[in-house]
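Chemist: next input, structure requested:
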Amino acid sequence: MRLGIKTCTLDMSFDDMLRFCAGQGIEALEIGTGNWSAAPHIDLDMMIKSEAARDEWHGKIKDAGLELCALNCSGNQLAYESDWNIMLKTFELAERLGVRTVVMMSGLPVGCPGDKTPVWVTGSWPPEVLDVLKYQWEEVAIPKWKEIVAVARDRGIEKIALENHAQQLVYNPETCLRLRDAAGDSLIGMNLDPSHLFWMGGDPIEAARVLGEEGALYYVHGKDSRPERRYIGVNGIMDTKGIEEYAKRSWNYVAVGCGHDVLWWKEFVSVLRMSGYDDVISLEMEDLTMPMLDGHLTSIKVLKEAMVI
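Modeler: Presented below is the predicted three-dimensional model:
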């Protein structure tokens, strides 16, 4: 098992990021190409257009002793043409670079034909929400995802790892497996991100077991979150305040180890191995309660101990 990092939150130049990762014993890089990532460490259009620029960029990664393990184009390609186009460009770049894993999210359709606003349904009442789900799945997601996997296969991509993020049609193992079955293609699997399941009340360790049994555990993010006792007891877990209002939220993304201690992470890593996963755990750091660099260093230390690096 290798320690990786999603580099988007490293507020550094490309060259400085490479030096930092190599110095911290990181082995693999996950590079955000656009959409919900600002893509600070890649110019997607330039990488596609210029073989020389692409070779120089990829060569620097290799020279630093690092592996490019995945590209990440997470966005809402089911609702927005611009996000769809970034996805297609990412698939093309993956082919040109020989990258076989693309991390992304399922996307979230609008609620009905003619609507412009994506809708996340979280219950079965009032009854009309079931019509919304039926439309989202049967009229939009399944046909679109059949198209997506066909393009990905043509580009030589072997794994599309869908992050189990809330406000997406796929937000847990059950919905991931539903899409996988409906699209009829094992290219679809999950990027298991514990932080999202934590706040939604799930158990990432049990999720790993289920995904492993189904052969759908394709990637893992090392990311933590924490319920905030001051507010969750009063208001419950659902919270629409922005993540920058961390002092008043019911839950927050935190550095690895600041929500669940190293013993939890050791068990998680052990169960990942039991479940047949022996690949990259990619750190994603979105803790706004501490300086960016401190959050990464804290997370790296805990993940290294959990992975016995």
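
Chemist: residue closest to the middle of this protein?
Modeler: Nearest residue to the geometric centre of the chain (Cα atoms, centre = their mean): E163, 4.1 Å.

Chemist: before we move on, what's the pLDDT of that one?
Modeler: Looking at E163, its pLDDT is 98.

Chemist: I figured it was touching V103, is that so?
Modeler: Yes. Taking Cβ atoms under 8 Å as the definition, E163 is a contact partner of V103 at 6.6 Å. All C-beta atoms are positioned from the backbone trio N, CA, C, and that covers glycine.

Chemist: got any residues that touch both of the two?
Modeler: Residues touching both E163 and V103 (Cβ atoms under 8 Å, 6 or more residues apart in numbering): S74, N191.

Chemist: can you give me the strands in the stretch 101-250 of the chain?
Modeler: In the stretch 101-250 of the chain, strands defined by DSSP state E, counting those that start in this stretch lie at 101-104, 159-163, 188-192, 217-222, 224-227, listed in chain order.

Chemist: which one is G201 nearest to, not counting chain neighbours?
Modeler: Spatial nearest neighbour of G201, excluding adjacent residues (Cβ to Cβ, 6 or more residues apart in numbering): I237 at 7.0 Å.

Chemist: ok, that neighbour - contacts?
Modeler: Contacts of I237 by Cβ under 8 Å, 6+ apart are W199, M200, G201, P227, S250, W251.

Chemist: mind checking which of these are buried?
Modeler: W199, M200, P227, S250, W251 (16 or more other Cβ atoms under 10 Å).

Chemist: closest to D278 out of those residues?
Modeler: M200 (26.6 Å; Cβ to Cβ).

Chemist: show me what contacts that closest one?
Modeler: Contacts of M200 (Cβ under 8 Å, 6+ apart): A166, Y171, N172, I237.

Chemist: what's the burial count for the second one?
Modeler: In this case it means Y171. 23 (other Cβ atoms under 10 Å).

Chemist: how about stretch 98-118: buried residues?
Modeler: 99, 101-111, 118.

Chemist: present those as TSV; the columns should include distance to S82 and pLDDT.
Modeler: TSV is the format used below for those (distance: Cβ to Cβ, whole Å; pLDDT from 0 to 100):
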residue	distance to S82	pLDDT
V99	22	98
T101	23	98
V102	18	98
V103	19	98
M104	15	98
M105	15	98
S106	17	98
G107	12	98
L108	15	98
P109	16	98
V110	15	98
G111	20	97
P118	14	98
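
Chemist: export those to CSV and tack on distance to M190?
Modeler: Formatted as CSV, the buried residues of stretch 98-118 follow (distance: Cβ to Cβ, whole Å):
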residue, distance to M190
V99, 18
T101, 12
V102, 13
V103, 10
M104, 11
M105, 11
S106, 10
G107, 15
L108, 16
P109, 20
V110, 24
G111, 25
P118, 21
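
Chemist: just flag the most distant two among the residues you listed.
Modeler: So, the buried residues of stretch 98-118 by Cβ to Cβ: farthest apart are V99 and G111, at 34.5 Å.
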